[in-house]
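Enquirer: Output the structure for:
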Amino acid sequence: MMASKILQSADKYLIGQMGIKKTLKLATLDSLLYNVGIIKIGYHSVFSEFEVGPPAEAQEVLRALAEITGEVPSPPEQMTDKEHDKYIKYSYHDLIQPNMPWALRISPKDFVVPVGTKCIEEAPWCAFRFVKRLEEMKMSPVYSNKDQIKANASLRIEEREGVTTPAEYQNQVSGPSMDDYVESWEIWDKRNETIRVVSDGCTKFLRDEEHGLEIQGLPVEIIQFNPDGDDFWGVSHVDAIAPQVLEYTETRTQEAWHRKISNLKMLIDKNMLPPEEIAKIEQGTIGNIVLTNGDPTKAIYAFTQQMSRDIFKNAEDIFADLKVIIGYNRNQGGEFEQSRRTAEEIKTVRGVNQIRDDELRDIIADTLAHMFCKKIHPMLFQNWTNDRFVEVTSIGGPPQPPQQGLMGQPQPTPLVEWKPFDGAAIRGDYDVEVIPDSVLPLNKEQEKQESLALFQALRNDPLIRQDVLRRHVIDKFEGVTPEELLKTPQEMQQEQQQQFQMQLILAQAKTQQSGTPQGALNKGNGVNKNVSAA
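Expert: Numbering: from 1, shown residues only. Take a look at the predicted model:
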């Protein structure tokens, strides 16, 4: 139980440290656009699974560093922290830390599986495309046969007529156009657990070795909302609504054309209206007087063009079809299709909408749970050999005897405790579960109602920490903090002392009023003796 608590706390820390939320958002967007969202999992650095390079390449790496920096570094086992930073400077991603797992989004355009693959579980291998600067490739201690590496790619984006995006501007105007880039493919083979790197122009592998990671399957997780049993890529949400989107765009374009045609147009007799009087009409100023040389009804003829309402009805029908395809109609948008608005109808619509949303959330949750269970956790068990500390909350386990505090009052066990651990201490098989709707947003009133209901249900329960329960309720109300309302343990002890002394004083006064002789008290139960001692 303690190991599972420690691992759970470590997972919460890793989710923030690895930027999992941002990665899942990008992969979800890819799944909507391409029906495949790809997350690559690794350890320690982007292009290496080892803290230091392979032993066979150690001398080559040292020579390369000496040529670049002009310094002679120490052997890998005797490196200082400064030298070690230089050794792995080719891995500079902010979400990737030494001796830590990482998970990054990979574009579906840079991912390949064998022809005929229907799902990632049956793929024998996969390949990731990457582009790096030539000098970084030659400097990295991971790659071999570096004399064959040549520039074979460019990051410059081709100009599209009439369209200039920030990326295009950066690469065309101020981008590093003179840098040499190398396009390569990193191939992970599940059958023999090897990594191979190939590049156009190289006759030998730039990398050919076992990855050495204790992961199950390939180092990739797939988010797919529309799985297809016959095709790995399938049909995305965008592909499904593309015809309706194009038709809707064309209809709205026609509306814009009709609005331009329907602008006010007039025929003016130039013999009856001089130019200066026509200018008054064009100005549109209120109160202008236009002078004519004849009948004004014959001087000007205005076109009264009208736009057919059928085109608007057509756009509404297309948009309604589009929303039905993606599963969201007017009710999900906050509107009602009929005049009836009963509570039961609202509840039914909301329930169906919740089921549809839950299915999508479950896909994300299952992906995250599988990632940690089959990929992240085995790497932690394998590589976390040094002691680490994690803050564990709500510590369980067998009950401990309470510690006696001042005035004989039992002291509660701490809610938070720092626990040391390493990979061997928490190694095991765990059932990882992610609750997707545990962080759904609630408004302030809902939070207050739930906290008050919880307080009423658990108030004075001997198994519940009442101080924590009160803090939870006070946190939901603005303008006050638990520290301002709740008494500190020192204040509680001081009040207990005062109450105890007051009780003794009252007992003494009551005894004196009853007329009991002093000697009788001394011979009795020793009340006076206790009072004097107090």
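Enquirer: what about stretch 267-274, average pLDDT?
Expert: Mean pLDDT, stretch 267-274: 83.
Enquirer: how about that stretch as CSV, C-alpha atoms only?
Expert: The C-alpha coordinates for stretch 267-274 follow below in CSV (Å, rounded to 0.1, in the frame of the first residue of the first chain):
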residue,chain,number,x,y,z
LEU,A,267,-29.6,56.0,-62.2
ILE,A,268,-29.3,59.8,-62.2
ASP,A,269,-30.2,62.2,-65.1
LYS,A,270,-27.1,64.3,-65.3
ASN,A,271,-29.1,67.0,-67.2
MET,A,272,-31.4,67.4,-64.2
LEU,A,273,-28.8,67.1,-61.4
PRO,A,274,-25.5,68.9,-61.5
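Enquirer: List the contacts of it.
Expert: With C-beta atoms under 8 Å, 6 or more residues apart in numbering as the test, stretch 267-274 has contacts from 278, 281, 290, 292-295, 298-303. Glycine gets a C-beta too; all of them are placed from N, C-alpha and C.
Enquirer: do the same with stretch 300-310
Expert: 255, 258-259, 261-262, 264-269, 273, 281.
Enquirer: which residues of the stretch 251-400 of the chain score low on pLDDT?
Expert: 305, 307, 326-356, 393-400 (pLDDT under 70).
Enquirer: Could you pull out the helices in it for me?
Expert: For the stretch 251-400 of the chain, applying DSSP state H, counting those that start in this stretch gives helices covering 275-283, 296-299, 310-326, 343-371, 377-383.
Enquirer: what packs against the last one?
Expert: When you say that, I think you mean helix 377-383. Applying 3 or more C-beta pairs under 8 Å, 6 or more residues apart in numbering; DSSP states H and E, one finds that helix 377-383 contacts helix 423-426.
Enquirer: Does anything pack onto the next helix or strand along the chain from the helix it packs on? Which helices or strands?
Expert: Sequence-wise, the next helix or strand downstream of helix 423-426 (DSSP states H and E) is helix 444-458. Applying 3+ C-beta pairs under 8 Å, 6+ apart, one finds that helix 444-458 contacts helix 466-475.
Enquirer: Could you give the average pLDDT over the helix it packs on?
Expert: If you average the pLDDT over helix 466-475, you get 84.
Enquirer: what's in contact with it?
Expert: For helix 466-475, contacts defined as C-beta under 8 Å, 6+ apart pick out 412, 415, 451-452, 454-455, 458-460, 480-482, 485-486.
Enquirer: So which bits of it are buried?
Expert: Leu469, His472, Val473, Ile474 (16 or more other C-beta atoms under 10 Å).
Enquirer: With stretch 212-222 instead?
Expert: Neighbour-count burial for stretch 212-222, counted by 16+ other C-beta under 10 Å, picks out Leu213, Glu214, Ile215, Leu218, Pro219, Val220, Glu221, Ile222.
Enquirer: would you turn those into TSV with pLDDT and distance to Trp384?
Expert: Below are the buried residues of stretch 212-222 laid out as TSV (pLDDT from 0 to 100; distance: C-beta to C-beta, whole Å):
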residue	pLDDT	distance to Trp384
Leu213	88	13
Glu214	87	12
Ile215	90	15
Leu218	94	23
Pro219	93	18
Val220	95	22
Glu221	95	21
Ile222	95	27
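Enquirer: can you name the two of those residues that are farthest apart?
Expert: Glu214 and Ile222 (20.6 Å; C-beta to C-beta).
Enquirer: of the contacts of stretch 300-310, buried ones?
Expert: By 16+ other C-beta under 10 Å, these give Leu273 as buried.
Enquirer: what's the closest of the contacts of stretch 267-274 to Asp200?
Expert: Closest to Asp200, out of all of those and judged by C-beta to C-beta, is Phe303, at 64.3 Å.
Enquirer: now, which of the buried residues of stretch 212-222 sits nearest Glu391?
Expert: Out of the buried residues of stretch 212-222, the member with the shortest distance to Glu391 (by C-beta to C-beta) is Glu214, at 26.2 Å.
Enquirer: Let me know whether the closest one touches Trp384 as I believe.
Expert: No. Checked against C-beta atoms under 8 Å, the pair Glu214 and Trp384 is beyond contact range at 11.8 Å.
Enquirer: Confirm that Gly42 sits in a helix.
Expert: No. Counting by DSSP: H, G, I helix; E, B strand; the rest coil, one finds Gly42 to be strand, located in no helix.
Enquirer: Next up, the contacts around it.
Expert: So Gly42 contacts Glu49, Ile96, Pro101, Trp102, Ala103, Leu104, Pro219 (C-beta under 8 Å, 6+ apart).
Enquirer: A strand includes the fourth one, no?
Expert: Yes. When the secondary structure is assigned by three-state DSSP, Trp102 falls within a strand.
Enquirer: if I look at the nearest residue to it once chain neighbours are set aside, how far off is Leu246?
Expert: Spatial nearest neighbour of Trp102, excluding adjacent residues (C-beta to C-beta, 6 or more residues apart in numbering): Ile96 at 4.5 Å. Here the criterion is C-beta to C-beta, to the nearest Å. By it, Ile96 lies 41 Å from Leu246.
Enquirer: Between those two, tell me which one has more neighbours.
Expert: Ile96 (19 against 11; other C-beta atoms under 10 Å).
Enquirer: how close does Glu250 sit to Val235?
Expert: The value you get for Glu250 to Val235, if C-beta to C-beta is used, is 22 Å.
Enquirer: Actually, Gln224.
Expert: Applying C-beta to C-beta, the value for Gln224 to Val235 is 11 Å.
Enquirer: hang on, the earlier thing: can you name the two of the contacts of stretch 267-274 that sit furthest apart?
Expert: Greatest spatial distance among the contacts of stretch 267-274 (C-beta to C-beta): Asn293 and Phe303, at 22.9 Å.
Enquirer: Strands of the stretch 101-250 of the chain, residue ranges please.
Expert: 101-106, 111-112, 125-133, 181-189, 194-199, 207-210, 220-223 (DSSP state E, counting those that start in this stretch).
Enquirer: Provide the strand pairings for the fifth one, with the direction of each partner.
Expert: Strands flanking strand 194-199 in the sheet, each with its direction: strand 181-189 (antiparallel), strand 207-210 (antiparallel) (DSSP bridges).
Enquirer: can you redo the ones you listed as TSV with distance to Asn314, mean pLDDT and mean neighbour count?
Expert: As requested, the strands paired with strand 194-199 are exported to TSV (distance: least, C-beta to C-beta, whole Å; pLDDT from 0 to 100; neighbours: other C-beta atoms under 10 Å):
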stretch	distance to Asn314	mean pLDDT	mean neighbour count
strand 181-189	47	92	19
strand 207-210	58	90	16
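Enquirer: Need these in TSV (columns: distance to Pro378).
Expert: Shown next, in TSV, are the strands paired with strand 194-199 (distance: least, C-beta to C-beta, whole Å):
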stretch	distance to Pro378
strand 181-189	15
strand 207-210	15
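Enquirer: Lys138 is nearest to which of those?
Expert: Of all the strands paired with strand 194-199, it is strand 181-189 that lies closest to Lys138, at 9.1 Å by C-beta to C-beta.
Enquirer: List every C-alpha atom in the closest one, with coordinates, as PDB.
Expert: Only the C-alpha atoms of strand 181-189 are listed here, as PDB (Å, rounded to 0.1, in the frame of the first residue of the first chain):
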ATOM      1  CA  TYR A 181      20.400  20.000 -41.900                       C
ATOM      2  CA  VAL A 182      20.200  16.200 -42.000                       C
ATOM      3  CA  GLU A 183      17.000  14.300 -42.400                       C
ATOM      4  CA  SER A 184      17.100  10.900 -40.700                       C
ATOM      5  CA  TRP A 185      14.800   8.000 -39.700                       C
ATOM      6  CA  GLU A 186      14.900   6.400 -36.300                       C
ATOM      7  CA  ILE A 187      13.600   2.800 -36.500                       C
ATOM      8  CA  TRP A 188      12.400   1.000 -33.400                       C
ATOM      9  CA  ASP A 189      12.100  -2.800 -33.900                       C
END
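Enquirer: Would you mind getting the angle between that strand and strand 125-133?
Expert: 160 degrees (axes from the mean of the first three to the mean of the last three C-alpha atoms, to 10 degrees).
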